[in-house]
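Visitor: Structure for the following, please:
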Amino acid sequence: MDKILEGLVSSSHPLPLKRVIVRKVVESAEHWLDEAQCEAMFDLTTRLILEGQDPFQRQVGHQVLEAYARYHRPEFESFFNKTFVLGLLQQGYHSLDRKDVAILDYIHNGLKLIMSCPSVLDLFSLLQVEVLRMVCERPEPQLCARLSDLLTDFVQCIPKGKLSITFCQQLVRTIGHFQCVSTQEKELREYVSQVTKVSNLLQNIWKAEPSTLLPSLQEVFASISSTDASFEPSVALASLVQHIPLQMITVLIRSLTTDPNVKDASMTQALCRMIDWLSWPLAQHVDTWVIALLKGLAAVQKFTILIDVTLLKIELVFNRLWFPLVRPGALTVLSHMLLSFQHSPEAFHLIVPHVVNLVHSFKSDGLPSSTTFLVQLTELIHCMMYHYSGFPDLYEPILEAIKDFPKPSEEKIKLILSQSAWTSQSNSLASCLSRLSGKSETGKTGLINLGNTCYMNSVIQALFMATDFRRQVLSLNLNGCNSLMKKLQHLFAFLAHTQREAYAPRIFFEASRPPWFTPRSQQDCSEYLRFLLDRLHEEEKILKVQSSHKLSESLGCSETSLQEVANKAAVLTETPCTSDSEKTLIEKMFGGKLQTHICCLNCRSTSQKVEAFTDLSLAFCPSSSMENLSFQEPASSPSTQDGGLMQASVPGPSKEPGVCNPSTAAFACYSAVNERMVDSPDEFRCSEDTSVPNDSNKMLVNKDVPQKAGGETTSSVTDLLNYFLAPEILTGDNQYYCENCASLQNAEKTMQITEEPEYLILTLLRFSYDQKYHVRRKILDNVSLPLVLELPVKRTTSFSSLSESWSLDVDFTDISENLAKKLKPSGNEEACSPKLVPYLLSSVVVHSGVSSESGHYYSYARNITGTESSYQMCHQPETLTLASSQSHLLGRDSPSAVIEQDLENKEMSKEWFLFNDSRVTFTSFQSVQKITSRFPKDTAYVLLYKKQNSANGLSGNNSTTGLWVNGDPPLQKELMDAITKDNKLYLQEQELNARARALQAASASCSFRPNGFDDNDPPGSCGPTGGGGGGGFNTVGRLVF
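Guide: Next up, the predicted model:
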């Protein structure tokens, strides 16, 4: 029969005839044949299967072999023995190479035919050895896939015990050697299918024998971390990732990143190759593992690796966005790489040139999936442009391309950035290390205490959080200038963009410290604030003169030039500013005007003067003020003038009442620390013990102030401001010299704010002078802080309108000399009442301690811009209004109670931050309100309120044009380069110290509490680290930190 079959298949008969004859041969298998005939038939069919010249011959071989093996099983068992199979695997078949896939297919089919025979067990044992040998020879993908088919069907052929681990490791290595040189879609699909079969085999083995998984993964890492330049592991290894249980991520990443035997070069190679895996189609979870490794490296502070890999691979990852199959994973990895690379714009700028083409391409195809993808991509792009806003030339084409897609809110962008930086990665992947010293979860940067410099730190943080002021400072072009404003700009830029947890402001401290401030000693933050604003103002005036006279190039040339500049600056100082363009930045942001009227009670003649101010110093009402309104004169803080409880912080230098130069008055420089006072006009001076006569009804007291336990009253800022603006009767030793009467007379003094500042600074005069013991004591009274404050402002009128309300007994040529003395009432009452200007609380500087010579400063603050809508949300004029008339005080409900109720009803969501030197934490307005009631020695000292405008009137803000992408202006290149350099230095410092911290982690305690301070601990605690707790309030000799 074998001869008939052999002649048939090689004959030239028609194919249908051949098929009929073959069918007859197959049917004849049921008949009895001797062993020799069966062997001859098996030998022929084997030859047809393995060496058939065409598909028909191979098909005939399979059909006949299967039929005869079924009916003559013992004979086939004898034919298909260990020796025959071993010869096929090791030597091949005749001309057929042993690595030919046809041999594996033949063995695979043979095993199926003798599955029920006892000898199959011997074949299984043989194949367990042979498949391991074959895998060690690194078979091609096609042969390996056929082997995987065989082992999937016959798991008995898979090596057992220790050999199974070796087999898996060798199979991983084999996959690492896979290559596909074809670029044709058919061949590529076939290649992917082959790799999938092999990876599925490994998955089955891992499930059956879990002990093989970890060694296999170690082999994967060994392959991808190899630094051998002659070997590049295949991307096909990515097919294994989807089979690794996700719950193993934490264990595996911790093992890799903390293993001291893994060199940085190897880790870099491994990460780069894992990123290359994003190109592998259909592989799942590759992005998850890549991001896990990135986070793990950040957790152990391997920043050099992260920087190198990001810059090397960021463009490749971006290019993967073009391919739909791998786009989701690529976008996930791209987002993490960009958002975590926050110390420099270098990585983002590598992909910027490619963004526009990608966006236009996906916009044009109109597919829903493309639109969804673009929404995600544009959100990422907005985050990056927000973080690096100093490159409008690069970003304008992108902004134009993505203008039709939604832009995330600033709050969302900040949240995304704060959660993504390397220095804010969760340390759960490296619990053996101490917590990273990167930025806190707030995203804000602390200021390092340089030795009793908390007075500066608290003020700087309050100014930095004054959003409009910060933006104006950052927008100034100060190249080539070494002014104090330049140093403040530098400090603000670092606070905004540094990766450090806390920044050391050494240069700014040395430049801004008043000359009379002894280094490393306790100082008054209010005095420092006034000195700082004055310096900034005076410098800008000089620069304006230099610019106008083109003398900037001769700053250091000669004493004559310098003297000329100084003289012209003095002239500018003496000339009142009439427009915003002529004002300095300090005048625009903090400058207001206060008008003082004195009316002689004898002849009713009046005089007035206008003073400029940058802050108002508010005295506390006397303890008996609720009954007899006794006026006292508290001893001012070192930087606050004497001689008037209700004076603005910076009085005019004039010795007699008159119109005072606002510029000169507002920014008079204080050159001494100990009780240096600026003289006030004698007519305006109050004696220390003068009180208002009981019969005077010019001032009504608010009876509805909050009650403490025991019947004591709690003042509010509203009360103190009302008290400041309340009329005062000048009698006794404090009588007013009336020129009209030519004698001392009783008089009434009233003050009105005629021009409100953008930022209202209020200083609470908490330090009184004890004449008995000659020491300054602190007033620890609690003061409730209204979230919304309405400031009564009575606008000044022009000369034309002024002439209608006043009789002017003066020639206008003499108007700048002594206008106020010659103003006489015409009998017409002023028709308009003060306008109530709304302000929102922006920041609070708190003093913690019992005297000015000891304690600690820290500040609460939040971001408020000039057009906050929150005023409308919480505006309640009937509860928070200040005095609408200067003749009485309005009785109102407790501002504290109103605000608390408002917070509950309106759900105010504004974030408050607590700045305590190096430490920055989240807090709430309730905490700000209750700080003194909970910690009696922690009291509000300096308050910043932001005026709520219908529009931001400051020029130069280009945020609406898209150039100020994040609301803040772009930084100068010089400044951005300095920040980038320092951020890289910081990351290197972190990496160099990581190993040492790991060794000490077991015994070291965490000094940073991520969830903020315990509410039972006073935030004002001042320890050795500056704001870290310790020391306590009972330490008598504790200095101001």
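
Visitor: If we go by neighbour counts, what in stretch 112-132 is buried?
Guide: 113-114, 117, 120, 123, 126-128, 130-132 (16 or more other C-beta atoms under 10 Å). The C-beta positions use only the backbone N, C-alpha and C, and glycine is treated the same way.

Visitor: Which of the residues you listed fall in helices?
Guide: When DSSP state H is applied, those are split such that 113, 120, 123, 126-128, 130-132 fall in helices.

Visitor: So in the chain, which helix runs the longest?
Guide: If you go by DSSP H, the chain has its longest helix at helix 973-1000.

Visitor: Next up, identify which helix or strand the residue nearest the centre of the chain is on.
Guide: The residue lying closest to the centre of the chain (C-alpha atoms, centre = their mean) is residue 418, at 3.1 Å. For residue 418, the host element (DSSP states H and E) is helix 410-420.

Visitor: now residue 762
Guide: Using DSSP H and E, residue 762 maps to strand 759-764.

Visitor: Same question for residue 611.
Guide: Applying DSSP H and E, one finds residue 611 within strand 606-613.

Visitor: who does the helix or strand just after that strand touch, helix- and strand-wise?
Guide: Next along the chain after strand 606-613, taking DSSP H and E as the criterion, comes strand 616-618. Other elements packing on strand 616-618 under the criterion 3 or more C-beta pairs under 8 Å, 6 or more residues apart in numbering; DSSP states H and E are helix 717-725, strand 759-764.

Visitor: Can you list the strands that the helix or strand following the longest one pairs with?
Guide: Spelled out, it's helix 717-725. Where DSSP H and E defines the elements, the next helix or strand beyond helix 717-725 is strand 728-730. Strand partners for strand 728-730, identified by DSSP bridges, are recorded as strand 747-755 (antiparallel).

Visitor: Report the angle between the strand it pairs with and helix 717-725.
Guide: Interaxial angle of strand 747-755 relative to helix 717-725 (axes from the mean of the first three to the mean of the last three C-alpha atoms, to 10 degrees): 120 degrees.

Visitor: and strand 747-755, what's its mean pLDDT?
Guide: Averaged over strand 747-755, pLDDT sits at 91.

Visitor: For that strand, output the C-alpha coordinates as CSV.
Guide: C-alpha atoms of strand 747-755 as CSV (Å, rounded to 0.1, in the frame of the first residue of the first chain):
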residue,chain,number,x,y,z
ALA,A,747,-10.8,122.1,69.1
GLU,A,748,-12.2,119.1,67.4
LYS,A,749,-9.9,117.0,65.3
THR,A,750,-11.4,114.5,62.7
MET,A,751,-9.6,112.3,60.2
GLN,A,752,-10.9,111.0,56.9
ILE,A,753,-9.4,108.6,54.4
THR,A,754,-9.5,110.4,51.0
GLU,A,755,-7.6,107.9,48.9
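
Visitor: Okay, domains of the protein per the record?
Guide: Domain segmentation of the chain under the TED database yields 241-424, 439-544+584-591+758-795+834-863+911-949, 969-999.

Visitor: Mean neighbour count, the ones you listed: which tops it?
Guide: The highest mean neighbour count among these, using mean count of other C-beta atoms under 10 Å, belongs to domain 439-544+584-591+758-795+834-863+911-949: a mean of 21.

Visitor: could you point out where the stretch 651-800 of the chain is predicted with low confidence?
Guide: Within the stretch 651-800 of the chain, the segments meeting pLDDT under 70 span 651-713, 796-800.

Visitor: In CSV, could you pull the C-alpha coordinates for the strand holding residue 611?
Guide: C-alpha atoms of strand 606-613 as CSV (Å, rounded to 0.1, in the frame of the first residue of the first chain):
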residue,chain,number,x,y,z
THR,A,606,-10.9,125.1,60.2
SER,A,607,-7.6,123.9,58.9
GLN,A,608,-6.7,120.7,57.2
LYS,A,609,-3.7,118.8,55.9
VAL,A,610,-3.3,115.7,53.8
GLU,A,611,-0.9,113.0,54.7
ALA,A,612,0.1,110.0,52.6
PHE,A,613,0.4,106.6,54.3
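
Visitor: Figure out how far it is from the centre of its chain.
Guide: Centroid separation for strand 606-613 versus its chain: 46 Å, with C-alpha atoms, centre = their mean, to the nearest Å.

Visitor: strand partners of it, parallel vs antiparallel please.
Guide: In the sheet containing strand 606-613, its partner strands are strand 592-600 (antiparallel), by DSSP bridges.

Visitor: any residues touching the strand it pairs with, and which ones?
Guide: 605-614, 616, 648, 657, 662, 683-684, 730, 736, 738, 740-741, 745-757, 760, 794, 796 (C-beta atoms under 8 Å, 6 or more residues apart in numbering).

Visitor: go on, stretch 191-202?
Guide: Counting by C-beta under 8 Å, 6+ apart, 141-142, 144-145, 148-149, 151-152, 168, 171-172, 174-175, 178, 180, 182, 216, 236, 239-240, 242-243, 281-282 sit against stretch 191-202.
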